[in-house]
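> okay, structure incoming, though there's no sequence with it:
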Ligand SMILES: CC(C)(COP(=O)(O)OP(=O)(O)OC[C@H]1O[C@@H](n2cnc3c(N)ncnc32)[C@H](O)[C@@H]1OP(=O)(O)O)[C@@H](O)C(=O)NCCC(=O)NCCS
């Protein structure tokens, strides 16, 4: 593991990256249902954690979600926490999170095969999209692939998924081909998108400037890979 810590930046992004752990499994499953509602069968994250070829990262919130609803005079008593947890259920908020646990807002998973990292999944809770978290996850996956001396990062994306395609294009992924009828729910085609050589000096420079822009826009984020 390595950490890109102590980045000289005045603001801190309220999210950080770290490897997925067993205690994150129920939240990961919840995020997958949110991000990929038609996916069947669901991913066995427990099995993925044991898979030698796979690496998953999660983005988690640095603050306690309960802090946001607590009145200044209130103390964080146990009963208070239980009550708020129940209230969050009532409000239809995500339920897999428990007080005292880190709140996971997104994850990315990659399989490392030969000299290529294959991103198998990236998803962010719908309430948290548009805040730079998907980009942070992709940065983490690419940096992890660089560390593991992979040549390139590749993935499949639905032809209709322009949001994800925009994100990948921003990080240098280019269309390499099409897999006809790849998705079993509606037989939609998948675009194959792949980066150029990620350890080449030109890509490293490009990535560094993208990471700087991300930090300037959203704040610096700890990335434990
Ligand atoms: C794709 C996904 C992970 C993006 O996460 P996110 O946190 O919302 O993305 P970010 O806020 O980091 O945005 C990063 C980039 O994505 C693209 N993007 C994000 N939202 C977009 C939107 N509404 N319209 C167009 N492009 C968008 C842009 O390129 C953006 O960069 P920019 O802000 O400089 O334009 C998220 O939308 C998601 O979980 N979708 C459902 C699951 C999914 O489709 N996963 C990909 C499967 S291949």
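Now that the structure is in, tell me what you want to look at. Bear in mind the structure is a predicted one, so any value in this text is a computation, not a measurement. Residues are numbered from 1 along each chain as shown.
> from here on, just use CA atoms for contacts and neighbour counts.
Fine.
> how long is stretch 103-123 end to end?
Distance between the boundary residues of stretch 103-123 (Cα to Cα, to the nearest Å) amounts to 14 Å.
> for the protein, which helix or strand comes out least confident on mean pLDDT?
helix 78-90 (a mean of 53; mean pLDDT, DSSP states H and E).
> give me the next element, helix or strand, following that one.
As assigned by DSSP states H and E, the chain's next helix or strand after helix 78-90 is strand 103-113.
> packing partners of that following strand?
Contacts defined by 3 or more Cα pairs under 8 Å, 6 or more residues apart in numbering; DSSP states H and E place strand 103-113 against helix 25-35, strand 54-61, strand 116-124, helix 133-147.
> mind giving me the domain split of the protein?
Residue ranges for the domains of the chain, per automatic domain parsing: 15-61+103-218, 65-99.
> turn the helices and strands packed on strand 103-113 into a markdown table, including mean pLDDT and mean neighbour count.
Supplementary listing: the helices and strands packed on strand 103-113 in a markdown table, determined by pLDDT from 0 to 100; neighbours: other Cα atoms under 10 Å:
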| stretch | mean pLDDT | mean neighbour count |
| --- | --- | --- |
| helix 25-35 | 97 | 19 |
| strand 54-61 | 98 | 23 |
| strand 116-124 | 98 | 21 |
| helix 133-147 | 98 | 22 |
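> next, format those as JSON lines and append distance to the ligand.
Below are these laid out as JSON lines (distance: least, Cα to the nearest ligand atom, whole Å):
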{"stretch": "helix 25-35", "distance to the ligand": "4"}
{"stretch": "strand 54-61", "distance to the ligand": "10"}
{"stretch": "strand 116-124", "distance to the ligand": "3"}
{"stretch": "helix 133-147", "distance to the ligand": "3"}
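> adding distance to residue 198 as columns, could you present these in CSV?
As requested, these are arranged in CSV below (distance: least, Cα to Cα, whole Å):
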stretch, distance to residue 198
helix 25-35, 27
strand 54-61, 18
strand 116-124, 10
helix 133-147, 6
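> so for residue 104, which of the ones you listed sits nearest?
strand 54-61 (4.3 Å; Cα to Cα).
> which helices and strands does that closest one pack with?
Strand 54-61 packs on strand 15-19, helix 45-50, strand 103-113, helix 133-147, going by 3+ Cα pairs under 8 Å, 6+ apart.
> in the second one, what's buried?
The neighbour-count criterion (16 or more other Cα atoms under 10 Å) identifies 45, 48-49 as the buried residues of helix 45-50.
> show me the contacts for the residue lying closest to residue 154 once chain neighbours are set aside.
Nearest residue to residue 154, sequence neighbours excluded (Cα to Cα, 6 or more residues apart in numbering): residue 194, at 4.2 Å. Residues near residue 194 by Cα atoms under 8 Å, 6 or more residues apart in numbering: 152-155, 172-176.
> longest helix anywhere in the protein?
helix 201-218 (DSSP state H).
> quick check: residues of the protein near the ligand?
Contacts of the chain with the ligand, taken as Cα under 6 Å from any ligand atom, map to 35-36, 122-124, 129-135, 157, 163-164, 166-167, 170.
> does the residue nearest to residue 154 have beta-bridge partners, and which?
Here residue 194 sits in beta bridges with residue 154, residue 174, going by DSSP bridges.
> can you pull the pLDDT of it?
Model confidence at residue 194, given as pLDDT, is 98.
> ok, the one 5 residues further on next?
Model confidence at residue 199, expressed as pLDDT, equals 97.
> most neighbours, which of the contacts of residue 194?
residue 153 (24 neighbours; other Cα atoms under 10 Å).
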